[in-house]
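Chemist: Predicted model and sequence below, questions to follow.
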Amino acid sequence: MSTLKVFISSTCYDLNTVRDGLRRFINNLGYEPVMSEYADVLYDPRIHTHSSCLEEVKNCDILVLIIGGRFGGKAIGEALSMVDFDKLNEKIKTGVLSDDMNFSITHLEVLKAIEYGIPVYTFIQEDVLNDHKIYEKNKRKPIISEIEFPSIEKQETAKYIFEFINVVRLRNYGNNIFPFRKEADIEDILKKQWASYFQKLIKEQSSNKGEK
C-alpha cells in the first residue's frame, strides 16, 4: 500500500525546530515526510541539489510551506529553467510573478507544486504576516526603503519575502494562508484541514454513487 508523501518546504536553519516537530507529527500520522536535511530527497549527482529538490516535489502528494523571516539560498538558473512560468501565470493573478523577483529554492519548490496541481498548505509566522500588511500599505510610497521590518532577518530581502507571500495568496485557487506562533499551531490546523478534506472527499464519493 502506498504512503502519502508530504514535502516540507521552508528555510532550514531558522525553522529547524518547527521542521523537526512536523516530521514527528507526519510520521505519527503514518505518512511520509520529505525533507532535504534528512536525505529524503534523491540528490541526482548529474544535476544541482536545487534541481533535485524540484524533481522530488513532483513525486509528493502534499506540500506544506512554512514562511519565516529568512529568504534562504537564491535559486540557480538550472532550477529556474525547470519551472513553467507561463503556466503559473495562468494560475496566479497577472503581474505577481514579475521579472525583478528573486527566487529562493523554497520559492521554486512551491511554484513547482502549484504548476503540478499539488495541494499547498501555507503557514506564515505571525510577526512576518503582520509586517507584510505594513509592506502592502506602503510599498508604492518613497518611504518604503526607510521602513525596517523587525520580523525579517536581512532587510534587503524583505521585498522578495513579502512579494512571495503575494504569489501564494493571489493564486486563483488553493490560496490558503494560516498564521502561526509555534509548531503546535501548525499541527492543530493540519489535523483539522486534512480530516475535513478527507471527510469531504468521502461525502462527494457517496453522492456520486447515489446518482448512478
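Modeler: Looks like it came in fine. Since the model is a prediction, treat every value here as computed from it, not as a measurement.
Chemist: Shouldn't residue 59 be within a helix?
Modeler: No. Read with DSSP: H, G, I helix; E, B strand; the rest coil, residue 59 is coil and lies in no helix.
Chemist: show me the contacts for it.
Modeler: Residues near residue 59 by Cβ atoms under 8 Å, 6 or more residues apart in numbering: residue 5. Backbone N, C-alpha and C define where each C-beta goes, glycine included.
Chemist: gap between it and residue 53?
Modeler: Going from residue 59 to residue 53 by Cβ to Cβ, to the nearest Å gives 11 Å.
Chemist: which helices and strands sit right next to the lengthiest helix in the chain?
Modeler: Secondary structure of the chain per DSSP state H: the longest helix is helix 183-211. Secondary-structure packing of helix 183-211 (3 or more Cβ pairs under 8 Å, 6 or more residues apart in numbering; DSSP states H and E): helix 16-28, strand 62-67, strand 120-125, strand 177-180.
Chemist: Can you tell me which residue is spatially central in the protein?
Modeler: Centroid-nearest residue in the chain, with Cα atoms, centre = their mean: residue 65, separated by 2.9 Å.
Chemist: Enumerate the beta-bridge partners assigned to that residue.
Modeler: With DSSP bridges as the criterion, residue 65 is bridged to residue 9, residue 122.
Chemist: got the angle for the helix or strand that residue 160 is a member of vs strand 120-125?
Modeler: Using DSSP states H and E, residue 160 sits in helix 158-169. Orientation of helix 158-169 against strand 120-125 (axes from the mean of the first three to the mean of the last three Cα atoms, to 10 degrees) gives an angle of 140 degrees.
Chemist: so what secondary structure elements neighbour helix 158-169?
Modeler: Under the contact definition 3+ Cβ pairs under 8 Å, 6+ apart, helix 158-169 sits against strand 62-67, helix 105-115, strand 120-125, helix 126-138, strand 177-180.
Chemist: any idea of the angle the longest one forms with strand 62-67?
Modeler: On the basis of the same axes, to 10 degrees, helix 126-138 is oriented at 70 degrees to strand 62-67.
Chemist: residues contacting the residue nearest to the centre of the chain?
Modeler: Contacts of residue 65 (Cβ under 8 Å, 6+ apart): 9-10, 106, 110, 120-123, 168.
Chemist: now do 6 Å
Modeler: Applying Cβ atoms under 6 Å, 6 or more residues apart in numbering to residue 65 gives the contacts 9, 110, 120, 122.
Chemist: So the first one sits against residue 109, correct?
Modeler: The one in question is residue 9. Yes. Counting by Cβ atoms under 6 Å, residue 109 is a contact partner of residue 9 at 4.3 Å.
Chemist: which regions of this protein sit below the pLDDT cut-off?
Modeler: Scanning the chain for pLDDT under 70 picks out 1, 94-95, 99-100, 209-212.
Chemist: Export the contacts of residue 65 to CSV and append columns for neighbour count and distance to residue 17.
Modeler: Output for these, formatted as CSV (neighbours: other Cβ atoms under 10 Å; distance: Cβ to Cβ, whole Å):
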residue, neighbour count, distance to residue 17
9, 26, 16
110, 24, 21
120, 21, 22
122, 20, 19
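Chemist: Since that was my last question, I'll sign off now.
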